[in-house]
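Student: What would the 3D arrangement of this be:
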Amino acid sequence: MRIITGSARCVALQTLEGEVTRPTPAVVKEAVFSSIQFDIEGRTMLDLFAGSGQMGLEALSRGASKCTFVDGNKDAANIITANAKKTKLYPQCNVLCMDWEQYIKSAAKRNSFDIIFMDPPYAAGLVPKVLCALFDSDMVKDSTLIICESGEKLDVDDVMITERYNVKKEARYGRVYVTYFTPKTENDE
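Tutor: Numbers count the residues shown, from 1 in each chain. You can find the predicted model right below:
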């Protein structure tokens, strides 16, 4: 697993051994960053369920200004920190070892992001709940792009989602699904 391009191009990243985290496949990472390549420069990012931190570090390498990494696993948080230092992007990083709900409650109405990447454990079915919590906490600006990785096609007609978000794009890469959301605004109603 490496950084694809930018200031940290080709730097190899560490990941946790075993089944604790599941790194985003290279083909998915390349597709995501190809689709947002002109929207990264100077942006703030949240990498939720960050694992090794590869998505946030890729964004920083490509010119994002700051990234907050959140993962509830202490070993994952340590690997994110090590990877951030190895890529020399650490000064732009905020690495937090905490549960996603705890983070959203603590950052509500204080932090907002331009891009949010979330990759919760596939079997947990957390995507609708996390999307709602982000929106309801005012962490999502009118222009925020949320990119969700999942192990199955999301039910984008779920009322919890449709009340808050528009689906910008859906894509499938083998067994991985990626869904792009933008928040609904007053102009959408």
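Student: check contacts around the residue nearest to residue 26 when sequence neighbours are not counted.
Tutor: Sequence neighbours aside, residue 1 is the residue nearest to residue 26 in space, at 7.3 Å (criterion: CB to CB, 6 or more residues apart in numbering). Where C-beta positions appear, they are placed from N, C-alpha and C, glycine not excepted. With contact set as CB atoms under 8 Å, 6 or more residues apart in numbering, residue 1 has these partners: 12-13, 15, 23, 26, 52, 54.
Student: which SS state does the residue nearest the centre of the chain fall under?
Tutor: The centre of the chain sits closest to residue 117, judged by CA atoms, centre = their mean, with a distance of 1.6 Å. For residue 117, the assignment made with DSSP: H, G, I helix; E, B strand; the rest coil gives strand.
Student: Tell me if I'm right that it and residue 144 touch.
Tutor: No. If you go by CB atoms under 8 Å, residue 117 and residue 144 don't touch, sitting 11.4 Å apart.
Student: Tell me the helices and strands packed up against the worst-scoring helix or strand of the chain on mean pLDDT.
Tutor: Lowest by mean pLDDT, DSSP states H and E among the helices and strands of the chain is helix 159-162, with a mean of 82. Applying 3 or more CB pairs under 8 Å, 6 or more residues apart in numbering; DSSP states H and E, we find helix 159-162 packed against helix 127-136.
Student: Please identify the buried residues of the helix it packs on?
Tutor: Residues of helix 127-136 classed as buried: 127-128, 130-135 (neighbour count, 16 or more other CB atoms under 10 Å).
Student: before we move on, back to that, before we move on, what's the pLDDT of the residue nearest to residue 26?
Tutor: pLDDT, residue 1: 81.
Student: name the element residue 105 belongs to?
Tutor: Of the helices and strands defined by DSSP states H and E, residue 105 is found in helix 100-107.
Student: List the buried residues in that helix.
Tutor: By 16+ other CB under 10 Å, the buried positions in helix 100-107 come out as 100, 103-104, 107.
Student: cool, stretch 62-77 as well?
Tutor: Residues of stretch 62-77 classed as buried by neighbour count (16+ other CB under 10 Å): 62, 64, 66-73, 76-77.
Student: Ok, stretch 159-166 next?
Tutor: Buried residues in stretch 159-166, defined by neighbour count with 16+ other CB under 10 Å: 161, 164-165.
Student: just to revisit the earlier point, what strands line up against whichever helix or strand comes after the least confident helix or strand of the chain, and which way round?
Tutor: For helix 159-162, the succeeding helix or strand toward the C-terminus, using DSSP H and E, is strand 165-173. If you go by DSSP bridges, strand 165-173 pairs up with strand 176-183 (antiparallel).
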